[in-house]
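In: need coordinates for the following:
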Amino acid sequence: MSALRRTLVGEVMTTDVEAVGPDASVTEIVAGLRRRGVRTLPVLDGESLLGVVSEADVLRLAEHDDVEPPVVHRRLRWRHRPEVPPHARARDLMTTEVVTVTPETGVAEAARTMATHRVGWLPVVDRVADDTLRLRGVVGRRDLLRVFERPDEDLVREVRDEVFLRILLVDPARVTVTASGGIVTLEGRVPSHADAVVAVTLTRRLEGVVDVVDRLTHDVDERAVDVWSL
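Out: Predicted structure coming up:
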């Protein structure tokens with residue numbers, strides 16, 4: 001089985017999380033947002049995630065009399081919420097339909113989830129009894145970018161030992177692998193055109209690889225074989 005590196009959310013997430021309780025006042029919410037310089041806070045009952053509350057939600061207090069909300073805050077969930085009550089608490093403002101990941105989620109999947117839902121961070125949770133979500137931490141774009149901080153020598157070692165030797169069964173002595181700033185260059189001669197294609201494809205998928213320069217040649221181009229002559 002391949003040992004190609006796969007970083008999990010649990011390895012890069014932030015566990016020191018600023019949060020508020022469901023009865024937190026607007027003043028407490030704003031203080032938490034400012035204290036951490038963030039735009040959204042989890043709303044917790046103990047360790048259980050109830051929802052999230054954002055600065056946009058707080059701004060609704062000043063805008064709830066508008067006939068149409070500003071474009072920047074025009075979200076589907078807005079249209080389904082009742083009018084914000086006076087002296088609102090976090091439970092009145094929060095969004096309960098929250099997109100989450102688990103500590104076992106891969107960082108690539110987490111990045112796709114953020115892009116799909118157009119969010120800058122995700123709560124990291126465990127699902128416990130009765131479908132309760134227990135908050136373990138949060139992961140943001142900055143956390144995910146840490147996978148691209150791998151030393152170039154680590155990338156070279158993984159390409160040589162895992163891609164060529166372990167997966168393709170190609171002697172690493174036949175190739176030269178170099179890396180600079182996450183850009184990996186593959187040079188040398190491999191047995192077949194298919195080996196070259198797989199080597200480039202797998203290298204490009206490695207965490208921390210920014211791009212691949214393909215300078216591989218091959219002994220046999222199986223695409224040119226006339227199967228009817230065999």
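In: contacts and neighbour counts: CA atoms only from here.
Out: OK.
In: show me what the helix or strand bottoming out on mean pLDDT in the chain is packed up against.
Out: Ranking every helix and strand in the chain by mean pLDDT, DSSP states H and E puts helix 55-63 at the bottom, with a mean of 79. Helix 55-63 is packed against helix 26-36, with contacts defined by 3 or more CA pairs under 8 Å, 6 or more residues apart in numbering; DSSP states H and E.
In: may I see the domains of this protein written out as residue ranges?
Out: As assigned by automatic domain parsing, the chain contains the domains 9-147, 150-224.
In: mean pLDDT lowest for which of the ones you listed?
Out: The minimum mean pLDDT among the domains of the chain belongs to domain 9-147 (a mean of 83).
In: first to last residue in that one, what's the distance?
Out: 11 Å (CA to CA, to the nearest Å).
In: repeat that for stretch 99-113.
Out: End to end - CA to CA - stretch 99-113 spans 8 Å.
In: who touches it?
Out: Residues from elsewhere that reach stretch 99-113 (CA atoms under 8 Å, 6 or more residues apart in numbering): 6-11, 122-126, 136, 141, 144.
In: all helices of the protein, in order?
Out: According to DSSP state H, the chain carries its helices in the segments 9-12, 26-36, 55-63, 90-93, 107-117, 141-144, 152-158, 193-205.
In: figure out which of those helices is closest to residue 215.
Out: Closest to residue 215 of these, according to CA to CA: helix 193-205, at 9.3 Å.
In: so what does that closest one touch, helix or strand wise?
Out: strand 183-192, strand 211-220.
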